[in-house]
Each structure stands twice: as structure tokens, then as C-alpha cells.
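K.L.:
Sharing a model prediction with you, sequence too.
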Amino acid sequence: MRTHMLSSSLTTFVVAAVLTPGLAPASAFAQVVEQTIRVVPDAGGGGIQLPFGPAGQRQFKSGSGRIRGRVMANDAAVPIRRAQVRITGPDIAPKAALTDAEGRFEFRDLPAGRFTLQASKTGFVTVQYGQTRPFEQGKAIELADKQALDNADIAMPRGGVISGRIADEFGDAVPDASVTAMRLTWTNGRRRLVPSPGRIAQTNDLGQFRIFGLPPGDYYVSASLRAGNNPLLDLELGMANGTFTTGVLGAAAPEQRSGYASTYYPGTPNAADAQKIALGAGQELAGADFPLLPVRLAKVTGLVVGSDGKPVEGAAVLLVPSQRDLAGLLAPGTARTARDGSFTLGSVPPGDYTLQARSVQTITSTQGDSVMVFRATAIGAGGAEAEFGSTPVSIGGDDIQNLILVTSKGATATGRVIFDGPAPASLAGFRVSSVGVDPDGAAPGGAAASLKEDGAFELKGLAGPRLVRVATPPGWTVKSVKLNGIDITDTGAEFKPGDSVGGLEVELTQRVSSVSGTVSGADGSPLKDYTVVLFAESPELWRMPMSRWVHGARPDQEGRFRVPNLPAGAYLAVAVEYVPQGEWGDPDLLDRLRSKGKRFTVSDGGSQTLDLRLTREY
């Protein structure tokens, strides 16, 4: 993490922006950052309050509800002290509490609503309230007005550990290598390797690593070493002439011509040849030793040219690893174009990449003596004047020189939001955005926009296949998205750079459909621990990008499940003991469950109540 100290005549404060390696989206392009910073002087000469979330966020609710509970180790009746418990919900700002000596926590002043609790502490598996199995979705808490829930207890299992040693081709220790535990999971329409959240270790001076806090499961361990600095795309804030400007810094390490490929245990560069490590609950597995594979590093040089034929100064240039087989790899480096549009990316290991470039803009303003509004249209934010370009690049160890990457302005799409019924008094809480459906996640070109008073909107900087979605206040949902009369709600549309697209129409409705119900066992007794999978009867809808037609649901504290905002149509519902979160999107699983499902239909604004029996074989 790179932090920069900024000073003025009024106060001193710190602002930092970081993209975490291995956990950022594949494009590694930041979105719009809009943050209000209030400087509060204190006796020490200055201080700062950094509110979480974007400026202009809607007002949250409060009430007189309460949730209490205890966090306990699930292998013994022992309270876990100083565990962090976080509560989230659609109508409250996220809050956190530390457990006391008895493992107790409490959240007060809660409105009626649906809440999620999550507990974490070093050495234990991070779990949600109601979670009883690895990678399972937790249970929501349904809180009525003024209700007090005093038994929201959370059992935390002890985390497993994978440890080992990373060496070079001579058997010598490799310090400062990033080591990641990855698992195969269904995500974004395909099965791929993704890092287990938060589980990245770094080797010490002896080459040793220790990845802890892992749930039981099958893991693939990968190690990467990058020459010089970590390959972060840093947003550096600098003070110049009383205003803030942004700069994108590339890796400034000395060029190296030999290095190491990302390597998987027990020592292969190919994810398909990696050997999985089976980890039991709370188990410590030592001896996961493997060598990094030496490779020749290449240098990539070229020129970024804008749509006007002129060199682009200050463009951010990035090599994105191919995501066809796995997700979460570190990018080999970033650069910023010089005044003549030239760039150099050094120390690039062999592999298939997408070379991306995007211009960067910044807008800043101040309000009064103590409030500053900082708004940066950064990489990938799709601003009005932003341009971007991309091209596939295959690196085999030899240098690639004189690449010319031509950028272009993204497409502009205009449209209007209409309402099925009376329009709300204010449109301030509505925001239109585009969501990329590229399965490899490598295409830039997204945008977001607020609504004008008449419901009109304009999205700029679009590229590639994208869905159009609307963030709405509670009680509203998207009914349909049409482009010149053609329904693109689930298929999205292809946006070509430079195009001007009109005729978008997004219909919103308060006729929100929902499905709820209970599940019983073979003997008819009600169950409180299960997962319900709801999916469209038509298999074609399972394979839609980011499908609205497939859902997984867990019961609340009373044993009832609820799924809101289902599109109207015919569905099947199956109750099973356990499905890891997100795995219900796998068409193979849905195909096996299809014959076990209970059929039901949902109409616009309608509701269904289901009584399901647990299915144990499928």
C-alpha cells in the first residue's frame, strides 16, 4: 500500500487508493471515485474523518431494534474475545463491533429490515450468522419494528493452514513471493480458479509461507514473484497550485531480463496440471514446497495514439493476464505514457495478455473551509472525454517493440427511465449503470449516470457487450430494458467505440414479485438449516449472463426463506441440505435438480408461498 501525505495551510491529512493484487477485477480498472472529506481540527493540529461510501449517499434509517449475540469457538464452549462482527443491511450504514471478554456483541438503533452478520478473527474461518458449512451462504435476520433479538450467536471454526517453502531452480529460498490458496468455483458463467478471499501470504527470508484461516476444502496453491515493486496501479494524489491532481504511476523498478513464471504446486506453470491439496477442518498441512520456474522476461514498448491521430500523454497502460482458465492473477506491471505517447512495460513473463490503455481525468472542487469534494474520473470510469483501446498480446520471452495502440471514445447511449405506475416524487435515488458480460472480464468500457428530472439519462464510454441495470431505492425493481423496442434485459447489447446509440428504455415497477416458504424433513418436521435453489423452467435462461433467473436462498432465523424480485415466469424449486454459495449457477447442477423440482409460476407483482420437502439425492 502506498500512502501519500498532503499538506495545506489549514491541516494535514492522508488519502490513499489501492488496488489489491489478485483480488481486483480482471481489467484492474478503477471506477469513479467520489468522496467527501471533512477536515476536523483538533488539539494536535489536525485530523480527518473519512466517511465510507460515495458522497451523496442516500439517508439511512434508524429505529429501536436490537440484535445481540455471542461469538463462540465451534470446537469448544469457549467465547472468542475481540472478534470483529459486522452488520450490513439495505437501510443502514455498515457497522462493526468487537466482542467482549464473554464473546458478546450488540447492535442497537436498528430499523425493521433484513440484516446480515459476519464475524472474523485471525486464526478462525470468517463466517456469517447461520453458516454451518464451508463456503455456505449465511442466514439473514428478519427484524420487525422495535424487535429485540438476543440469541444471534455465531460459531466460528478454527481455520486450516497450508504452509511450505518456495525455492528457485537452484533450491535457494525465494523471499517476498506472493503465495495464494485458490479453489475451483462457479463464477461469472464458468468454473474457474479464484483466490480464497483474503488468503494471500508472502514468503519470508527463508522462502517459507503460511496461509491460515482457510475453511476445509480442496485448494490449488500458486506462487508469483514480480521484479521490483508490486504491480499495483497507484492513484497518487499530489498538491499543485492549491488543487489536487491525479497521476498514475507505473512500476519503476530496474528492468530485469530473467525472472519466474507464476507457478502452481507441485511445480507447473499450467493450472490444468496443478495438484490439489485437500484440507480438513482446522488441519495444518505442512510441506507444500515447490520451486518457481525460471523464464526469460520480455520488454513491451509502443505508442498510444488517440482517435484524433495524436499521441496520448499520461494514458494508463496495463497488461491484463488472460482469464480464460483462472481468475485473480497479478498483472505484470503498469505504465504511463510519456508526452510523445510512448510507453515501456518491462519484466513481463511469458503468457497471453490483453494490452489496455485509457486516458485519465480529474475534477476537483472545494466547498467552504473544511469540506473538500474530490471526484476523479479514473481508469475505466468511462468519462465523457475518456478514450480507451485494447489488443491481445502473446509474450513468448522475446521483446515486442513498436506496438501502436489506437484509442477511441466509447459509445454513447441515451435513453429514458419510465415507470409502471405513478412516478416517484424524486429521482435522486435512481442511478443507471452498465455491466460488462465479457466472460473473461478483460474489456474496459463501463459507465454510470444519474437521472435527469424527466427520467432521461446518458451513458458515455461504453464498449463491448453490456447489460443495463438501475440501482433503485427499496420497493422498486427493473421490469424490462429495451433498445429500440427489442428486449435486451437479459441479453444485453454490443456497444462499439464511437457509436451513438439512442432508444434505450428502462421500465421500473413497484409491482415486486416474491417467493417465500418453509422446508420440512422426510418426517414432516420443519427445518431451519437448508438451501433452496430456484431456477427458471427453461434451461436457456440458466445460461444468460449474470442470470436473474437462478437464485439460491437460505432461511432466516425462524426457518423461512424469501426470494424477492423474480422476473415473471415458470420456475422450479428444490430444497437441499447444502450448496456452496454461487454454485447454484452451474447448469450441470440445475440439470440434476430439474427432475426433483416443484413447479410454480410468478406473475408481475405476485407472490408465492411454497412448502418444500428436503431432497437428499440428486
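P.N.:
Perfect, thanks for sending it.

K.L.:
From now on I want contacts and neighbour counts done on CA atoms only, so please keep to that.
P.N.:
OK.

K.L.:
what about the helices in the protein?
P.N.:
Counting by DSSP state H, one finds helices in the chain at the ranges 587-593.

K.L.:
how about the nearest residue to Asp611 once chain neighbours are set aside, what does it touch?
P.N.:
The shortest distance from Asp611 to any non-neighbouring residue, by CA to CA, 6 or more residues apart in numbering, is to Thr518 (5.2 Å). Taking CA atoms under 8 Å, 6 or more residues apart in numbering as the contact definition, Thr518 lies against Pro526, Leu527, Gly559, Arg560, Phe561, Leu610, Asp611, Leu612.

K.L.:
and with 10 Å instead?
P.N.:
Thr518 makes contacts with 526-528, 530, 532, 555, 558-562, 575, 609-613, as judged by CA atoms under 10 Å, 6 or more residues apart in numbering.

K.L.:
Which residue comes closest to Asp604 once chain neighbours are left out?
P.N.:
Closest residue in space to Asp604, ignoring its immediate chain neighbours: Ala568 at 5.5 Å, by CA to CA, 6+ apart.

K.L.:
Tell me if I'm right that the one you found and Gly605 touch.
P.N.:
Yes. The criterion here is CA atoms under 10 Å, and Ala568 meets it with Gly605 at 8.4 Å.

K.L.:
Could you tell me which residues touch both of these two?
P.N.:
Joint contacts of Ala568 and Gly605 (CA under 10 Å, 6+ apart) are Val512, Ser513, Ser514.

K.L.:
List the residues that contact Gly524.
P.N.:
Gly524 is in contact with Leu612, Arg613, Leu614, counting by CA under 10 Å, 6+ apart.

K.L.:
The residues you listed in strands, which ones?
P.N.:
Using DSSP state E, the subset of these located in strands is Leu612, Arg613, Leu614.

K.L.:
I'd guessed the second one sits against Asp523; true?
P.N.:
Read that as Arg613. Yes. Using CA under 10 Å, Arg613 makes contact with Asp523 at a distance of 9.4 Å.

K.L.:
Looking at those two, which is more packed in?
P.N.:
Set side by side, Arg613 and Asp523 show more neighbours around Arg613, with 20 against 7, by other CA atoms under 10 Å.

K.L.:
The closest residue to the more buried one other than its chain neighbours bridge partners, please.
P.N.:
Leaving out its chain neighbours, the residue that sits closest to Arg613 by CA to CA, 6+ apart is Ser520, at 5.0 Å. Per DSSP bridges, the residues bridged to Ser520 are Pro526, Arg613.

K.L.:
Count the residues that sit near Ser520.
P.N.:
By other CA under 10 Å, 19 other residues sit near Ser520.

K.L.:
right, and it touches Lys528 too?
P.N.:
Yes. Here Ser520 lies in contact with Lys528, judged by CA under 10 Å, at a distance of 8.6 Å.

K.L.:
which residues do the two both contact?
P.N.:
Gly559.

K.L.:
how about the nearest residue to Glu142, chain neighbours excluded?
P.N.:
Here the residue nearest Glu142, using CA to CA, 6+ apart, is Arg114, at 4.7 Å.

K.L.:
try Met72
P.N.:
Take Met72 and drop its neighbours on the chain: the residue closest to it by CA to CA, 6+ apart is Pro79, 4.4 Å away.

K.L.:
Contacts only, for that neighbour.
P.N.:
Contacts for Pro79 (CA under 10 Å, 6+ apart) come out as Arg70, Val71, Met72, Ala73, Thr99, Asp100, Ala101, Glu102, Gly103, Arg104, Ala155, Met156.
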